[in-house]
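Give me a model of this one.
(chains A and B)
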Amino acid sequence: MEPPPARGRDSAAPKLDTAGEEAELELGLGLSVGGGGGGERAGAKRGRILTARDFPSSVGTKRAADEAVSQEPGGGSPTSGSQVVGWPPIRAYRMNSLVNLAKAPRAEDDISPNEKGKSKDGSEDKTRTSGKSDVDGREQKHIGFVKVNMDGIPIGRKVDLNAHACYETLAQALEDMFFRPAKTVDLTGVEENRQVKKSSKLLNGCSEFVLTYEDKEGDWMLIGDVPWGMFLTAVKRLRIMRTSEVNGIAPRFQQTSERQMRKPI
Amino acid sequence: MDPKKPRDSAESESARGAAQFPDEVLERVLSLLASHKDRSAVSLVSKAWYHAERWSRRRVFIGNCYSVTPEIVARRFPNIRSVTLKGKPRFSDFNLVPQNWGADIRSWLAVFADRYPFLEELRLKRMTVTDESLKFLALKFQNFRALSLLSCDGFSTNGLAAIATRCRNLTELDIQENGIDDISGDWLSCFPENFTSLEVLNFASLSSDVEFDALERLVSRCNSLKVLKVNRTITLDQLQRLLVRAPRLTELGTGSFLQELNAHQYSELERAFGGCKNLHTLSGLCEAMALYLPVLYPACANLTFLNLNDAALQHEELAKLLLHCPCLQRLWVLDTVGDDGLEAVALNCPWLEELRVFPANPFDEEVNHGVSESGFLAVSYGCRRLHYVLYFCRQMTNAAVATIVQNCPDFTHFRLCIMNPGQPDYVTNEPMDEAFGAVVKTCTKLQRLAVSGLLTDLTFEYIGRYAKNLETLSVAFAGSSDWAMQCVLGGCPKLRKLEIRDCPFGNAALLSGLEKYESMRSLWMSACKVTMNGCEVLARERPRLNVEVMKDEESSDGQQYKVYVYRTVAGPRRDAPPFVLTL
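Below is the predicted model:
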């Protein structure tokens, strides 16, 4: 079943994720067929768990696969789907640097000197957000886990912001958390229905829901407007809001895509 | 002024027969021993030697701050001038350890203020250091000279200001990759105008602007400055001004390498680099533009360590740069250089001993493909002295690794990270067992190993059987059963640190190390199959171990734990936060 017409990659509304990649458009929530073109290739998403692709049916593989599969999934059942905390083992301190590295050649990005990540030697590295302190100078530890609530679901979750270096991975994690709770992920995981998507629906405005956050001043803001580092210093908690309730939040649907025009704001 | 030593004449008489030296001479001789391992050995010879050693020791290294108390340290070693402490488990670098876990320097400083008022050096790794502690340090230790903080957290630039303001004899301030609250760069302006003793200044990982004039004046008047690593806010023309004032630098970390230079500025900068004849270490080069890299060339003739992991170079740029670095021994790069870049390394760096390749885009393959087995292979053919490697890649084969270690059998540190967890040999689709088997069989000097890829128990059989000198092992997403861990714990006679995450190892595996853990520094297991029961048994059987358990927030069923086991003479720690259960 093919997704309806407006699947134009050319008219992609590049959501400004910090790794500088363009988000691909995709239809609303229910139609997740083919997963953003990601099905054919196992994009090496962080902590991508094994899929059937890793065990093509050759003898050697089968044996290996059997050996692996025969064990009960032991460790590493990350609750946030494709996200694996702390993998690959790069100090999160370095991850901030990498984020800024990716931004460097983009002239249109406005990187204030204070947001430039830290540089330096480090083998596998440690993270800290370039933590701007609160105005009163109180020591600001790194953000860590923040609450996430979704409209219509009474029980909230928590997500570790430090496990992410950009909006894309965060949104992916939240999508996996809230939209695919039944998906069990394990080490040997052969996930038949695994959607390896390169874009997040929550970010590109094509879903019934949008991702918002409450900042330090108590205002609810749409995610994605400010550079990731700045977001980390401002965010208090997250909310996955129904698009229909998005009122008075700073407009961000500025691109001309058919989908957007169809959506009432 | 050393505290007086109590005379124990009866004992030293008999010992003197064996030692044949008066104590003072013995102490003098032993004071020349630098390595703490040697000193530990010496202290076991006899009581006289034990005492001579402990009185003569000036530096102490404590690999796990909870293995001992500051009181015990101070009691044994009365004359310490330099302390190195490591705190949190290494996996805290990857966010696997919650905040407020501990390893606070505070209680140590309190004891040191009393017992080591002449303390000169403090080197901390993965410790929590608050501004209060930094202020305390600055106030209480008049002779304080060297502060090195790596991967620490809990402090802000205000703490640094206190150090700069009060430590009149400071020679070293080395701040690397910490969880620091970077409020402002004003701390740098706190060095008094008559302060001239600085030899090492590293603030590369801070992000706030510093007052450049203050920095320039500081560099001018500190004639002994050997190491200068500035942060990104320092521009190229500012760098030029610093370099002309510090031509004797041996280590330089540049700031941003991204700036429009006119011809005059360019040639001035080139000349400034040309003036740095003693440079052996170069880093920084943030956002380096290929256009300006040539200004460096005059300074590279004696470079032994080139750290490019903030410069996303392409292979052509790297190749050109390497042409000018004939003496290179250590190289850190981003994988933007690709396999081609590594071939350039192979061609141009025959003396290379250490290579680290970091991923520029760890989370998305499409932006940058990175390096593969062929880059590593190429380096192994060209750089036969290679003994330390840290390699992040997206694909690897057993055959390549086997060839690599044949070419370079002297590996002491082999850390291979195939970024996709559990990924097999991409050509044969077999597990990567034979790769690591080849490593441990061939590299008899191997001290540190990090494994990755799809691995069955066989890998660990190999490790247990062959890795006789292995001291540190890191395992993630590997193994099939308890047997794997049992093999490692049953073999590997020199194992000191074992860190495991996301592996199917349970209580049987954990308990198979009962005889071993006291000879190790620590064990970390998270997201494995260990249960509280198993931990309780371990704690009961081995009271001299601390068995600390934390609930694993990541686990889906709430049944998984993070277990940290370490030997200690200090008993259970008293500062454990509520989420850490000591059994």
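
Can you give me the separation between residue B:81 and residue B:144?
Relative to residue B:144, residue B:81 is positioned 10 Å away (C-beta to C-beta, to the nearest Å). Just so you know, the C-beta spots here come from the backbone N, C-alpha and C atoms, and that holds for glycine as well.

That should have said residue B:448, apologies.
32 Å.

more neighbours, the two?
residue B:144 (22 against 18; other C-beta atoms under 10 Å in any protein chain shown).

show me where pLDDT drops low in chain A?
A:1-83, A:99-143, A:180-206, A:247-265 (pLDDT under 70).

Restricting to C-alpha, output stretch B:527-540 in CSV.
What follows is stretch B:527-540, C-alpha atoms only, in CSV (Å, rounded to 0.1, in the frame of the first residue of the first chain):
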residue,chain,number,x,y,z
ALA,B,527,21.6,-4.3,31.9
CYS,B,528,22.7,-7.9,32.4
LYS,B,529,20.7,-10.7,34.0
VAL,B,530,22.0,-10.4,37.5
THR,B,531,19.4,-10.3,40.2
MET,B,532,19.4,-8.9,43.7
ASN,B,533,19.8,-12.4,45.0
GLY,B,534,23.0,-12.9,43.2
CYS,B,535,24.4,-9.7,44.5
GLU,B,536,23.4,-10.5,48.0
VAL,B,537,25.2,-13.8,47.9
LEU,B,538,28.3,-12.1,46.6
ALA,B,539,28.2,-9.5,49.3
ARG,B,540,27.7,-12.1,52.0
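
Which secondary structure state is assigned to the residue of the stretch 151-265 of chain A found nearest chain B?
Ranking the residues of the stretch 151-265 of chain A by distance to chain B (C-beta to the nearest C-beta) places residue A:162 first, at 5.1 Å. Here residue A:162 is helix, with the state taken from DSSP: H, G, I helix; E, B strand; the rest coil.

wait, it sits on residue A:169?
No: using C-beta atoms under 8 Å, residue A:162 is not in contact with residue A:169; the gap is 11.6 Å.

mean confidence score for stretch B:159-167?
The average pLDDT within stretch B:159-167 is 96.

Excluding chain neighbours, what is closest to the residue of the stretch 151-265 of chain A closest to chain B?
residue B:95 (5.1 Å; C-beta to C-beta, 6 or more residues apart in numbering or on different chains).

How about the contacts made by that neighbour?
Residues in contact with residue B:95 (C-beta atoms under 8 Å, 6 or more residues apart in numbering or on different chains) are A:85, A:86, A:92, A:127, A:160, A:162, A:163.

Columns neighbour count on top of these, output as a markdown table?
As requested, the contacts of residue B:95 are arranged in a markdown table below (neighbours: other C-beta atoms under 10 Å in any protein chain shown):
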| residue | neighbour count |
| --- | --- |
| A:85 | 26 |
| A:86 | 27 |
| A:92 | 24 |
| A:127 | 26 |
| A:160 | 21 |
| A:162 | 22 |
| A:163 | 27 |
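
what residues are shared contacts of residue B:81 and residue B:144?
The contact lists of residue B:81 and residue B:144 share B:119, B:120, B:121, where a contact means C-beta under 8 Å, 6+ apart.

Out of those residues, which is nearest to chain A?
Of the shared contacts of residue B:81 and residue B:144, the one sitting nearest to chain A (C-beta to the nearest C-beta) turns out to be residue B:121, at 20.2 Å.

for the closest one, what are its contacts?
Residue B:121 touches B:59, B:81, B:82, B:83, B:144, B:145, B:146, B:147, B:148, B:172, counting by C-beta under 8 Å, 6+ apart.

Apply 10 Å and report the result again.
Applying C-beta atoms under 10 Å, 6 or more residues apart in numbering or on different chains to residue B:121 gives the contacts B:58-59, B:80-84, B:141, B:143-148, B:171-172.

what pLDDT does it get?
97.

now the one 5 residues further on
Residue B:126 is assigned a pLDDT of 96 by the prediction.

Count the neighbours of it for me.
There are 23 residues near residue B:126, going by other C-beta under 10 Å.

now do the one 4 residues further on
For residue B:130, the neighbour count with other C-beta under 10 Å is 17.

now swap in the one 3 residues further on and tell me
Other residues near residue B:133 number 24, with proximity taken as other C-beta under 10 Å.

same deal with residue A:215?
Neighbours around residue A:215, by other C-beta under 10 Å: 16.

Identify all residues paired with it through a beta bridge.
Beta bridges link residue A:215 to residue A:235 when assigned by DSSP bridges.

Next secondary structure after the lowest-mean-pLDDT helix or strand in chain B?
Of all helical and strand segments in chain B, the minimum by mean pLDDT, DSSP states H and E falls on helix B:9-19, at a mean of 52. For helix B:9-19, the following helix or strand on the C-terminal side (DSSP states H and E) is helix B:23-30.

Quick check: mean pLDDT of that following helix?
For helix B:23-30, the mean confidence score works out to 84.

Can you give me the buried ones in that helix?
B:23, B:26, B:27, B:30 (16 or more other C-beta atoms under 10 Å in any protein chain shown).

quick one on the thing from earlier: relative to residue B:524, how far out is the residue nearest to residue A:162?
14 Å.

Same question for residue B:331.
30 Å.

okay, these two: which has more neighbours?
When residue B:331 and residue B:524 are compared on other C-beta under 10 Å, the one with more neighbours turns out to be residue B:331, at 26 against 23.

what about that one, which SS state?
Following three-state DSSP, the label given to residue B:331 is strand.

Can you name the residues that contact it?
With C-beta under 10 Å, 6+ apart, residue B:331 has these contacts: B:303-309, B:318, B:322, B:325, B:342, B:345, B:349, B:352-357, B:379, B:383.

before we move on, back to that, for the residue nearest to residue A:162, give me phi and psi.
Dihedral pair for residue B:95: phi 70, psi 20, per degrees, to the nearest 10.

Next: the one 5 residues further on.
Main-chain dihedrals, residue B:100, degrees, to the nearest 10: phi 60, psi 30.

Tell me the spacing between it and chain A.
Counting by C-beta to the nearest C-beta, to the nearest Å, the separation of residue B:100 from chain A is 8 Å.

how many neighbours does that residue have?
15.

Can you tell me how far residue B:369 is from residue A:210?
Taken as C-beta to C-beta, the span from residue B:369 to residue A:210 is 33 Å.

So these two - more neighbours on which side?
residue A:210 (24 against 16).

ok, what's across the strand from the more buried one?
Bridge pairing for residue A:210 - DSSP bridges - gives residue A:241.

In this structure it contacts residue A:174, no?
No: the pair residue A:210 / residue A:174 is not scored as a contact, 11.2 Å apart, by C-beta atoms under 10 Å.

and residue B:572, backbone torsions?
Torsion angles, degrees, to the nearest 10, at residue B:572: phi -60, psi 150.

And the nearest residue to it once chain neighbours are set aside, how close does it get to residue B:542?
Of all residues not flanking residue B:572 in the chain, residue B:582 sits nearest, at 4.3 Å (C-beta to C-beta, 6+ apart). Residue B:582 is 13 Å from residue B:542, where distance means C-beta to C-beta.

Who has more neighbours out of the two?
residue B:542 (18 against 14).

give the contact list for that one.
Contacts of residue B:542 (C-beta under 10 Å, 6+ apart): B:511, B:513, B:514, B:515, B:517, B:518, B:565, B:567.

Equivalent analysis for residue B:83, please.
B:59-62, B:70, B:73, B:77, B:105, B:108-109, B:112, B:116, B:119-124.

try residue B:144
For residue B:144, counting by C-beta under 10 Å, 6+ apart, the contacting residues are B:118-122, B:137-138, B:163, B:166-171.

Widest-spaced pair of the residues you listed?
Within these, B:118 and B:163 form the most distant pair, 17.3 Å apart (C-beta to C-beta).

Give me the more crowded residue out of the two.
Using other C-beta under 10 Å as the criterion, residue B:118 and residue B:163 rank with residue B:163 on top: 21 against 14.

That one reaches residue B:145, doesn't it?
No: using C-beta under 10 Å, residue B:163 makes no contact with residue B:145, being 11.0 Å away.

what sits in contact with each of these two?
With C-beta under 10 Å, 6+ apart, residue B:163 and residue B:145 have common neighbours B:170, B:173.
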